[in-house]
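>>> dropping a prediction and its sequence here:
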Amino acid sequence: MIEFNGYISGVADKHFYKRCIQTGVSIILVGLLFLAPPIITFSVCYKYWELLIGYAAVAVLVPLAALIPKSKKERKKIRPKKITIQDEFMVSVTGYGSESRLVSEAKEVRDYGEFYEIVFPIGKISNNFICQKDLLVSGTLEKFEAKFKGKIVKK
């Protein structure tokens, strides 16, 4: 069993928060892009320009909502505080709950020196698998790297 226990901090925390913002903005923009063709078609066909202007305003303002800074208390709640890897399962625990993934679902593991970021493909995206090396309490970094052999990319 490999276990990272404790809240991430420093460079790992900054990277985690930046990644959360990028993911939030991306999800919002993809949703807005799916709505764009029918709204534009309807607005042009029926000359309903108010809808088009309203949609354009929403498309600009809503992604900005993801950029609103969160309080320290809120940031602590969303941060991973414990990551456990046992056999083929990984579990990340945050202040809001936990989520699990299979080790085989990992697309790649990015090694940033002080921490690892486990990256998943679209559909399984999660920002909660940031493993800060100095929080390792069970297992070794060698076991961790062996678990993800061939998927580790140095950054």
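Yep, it's here. Numbers count the residues shown, from 1 in each chain.

>>> middle-most residue in this structure, spatially?
Note on the chain: the residue nearest the mean C-alpha position is residue 127, at 2.5 Å, using CA atoms, centre = their mean.

>>> is it fair to say that one lies in a helix?
No. Going by DSSP: H, G, I helix; E, B strand; the rest coil, the assignment for residue 127 is coil, not a helix.

>>> list the contacts of it.
16, 19, 20, 23 (CB atoms under 8 Å, 6 or more residues apart in numbering). C-beta here means a position set from N, CA and C on the backbone, and glycine is covered the same way.

>>> from the chain's centre, how far out does the helix or strand containing the first one sit?
To tie it back to what came earlier, the one meant is residue 16. Taking DSSP states H and E as the criterion, the element that holds residue 16 is helix 10-45. Put simply, helix 10-45 sits 13 Å off its chain's centre (CA atoms, centre = their mean, to the nearest Å).

>>> please name every helix or strand in contact with it.
helix 49-65, helix 72-78, strand 115-119, strand 130-132 (3 or more CB pairs under 8 Å, 6 or more residues apart in numbering; DSSP states H and E).

>>> let's go with 7 Å and repeat that
Judged by 3 or more CB pairs under 7 Å, 6 or more residues apart in numbering; DSSP states H and E, helix 10-45 is in contact with helix 49-65, strand 130-132.

>>> need these in JSON lines with mean neighbour count, mean pLDDT and distance to residue 138, can you?
JSON lines is the format used below for those (neighbours: other CB atoms under 10 Å; pLDDT from 0 to 100; distance: least, CB to CB, whole Å):
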{"stretch": "helix 49-65", "mean neighbour count": "12", "mean pLDDT": "91", "distance to residue 138": "39"}
{"stretch": "strand 130-132", "mean neighbour count": "23", "mean pLDDT": "97", "distance to residue 138": "12"}
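
>>> indicate which one of these is closest to residue 87.
Checking the helices and strands packed on helix 10-45 against residue 87 by CB to CB gives strand 130-132 as the closest, at 16.8 Å.

>>> show me the contact partners of the following helix or strand past the closest one.
Downstream of strand 130-132, the first helix or strand assigned by DSSP H and E is strand 136-138. Applying CB atoms under 7 Å, 6 or more residues apart in numbering, the contact partners of strand 136-138 are 1, 2, 3, 4, 5.

>>> what's in contact with whichever helix or strand comes after strand 136-138?
Later in the chain than strand 136-138, the nearest helix or strand by DSSP H and E is helix 141-147. Contacts with helix 141-147, where a contact means CB under 7 Å, 6+ apart, come from 2, 85, 103, 133, 152.
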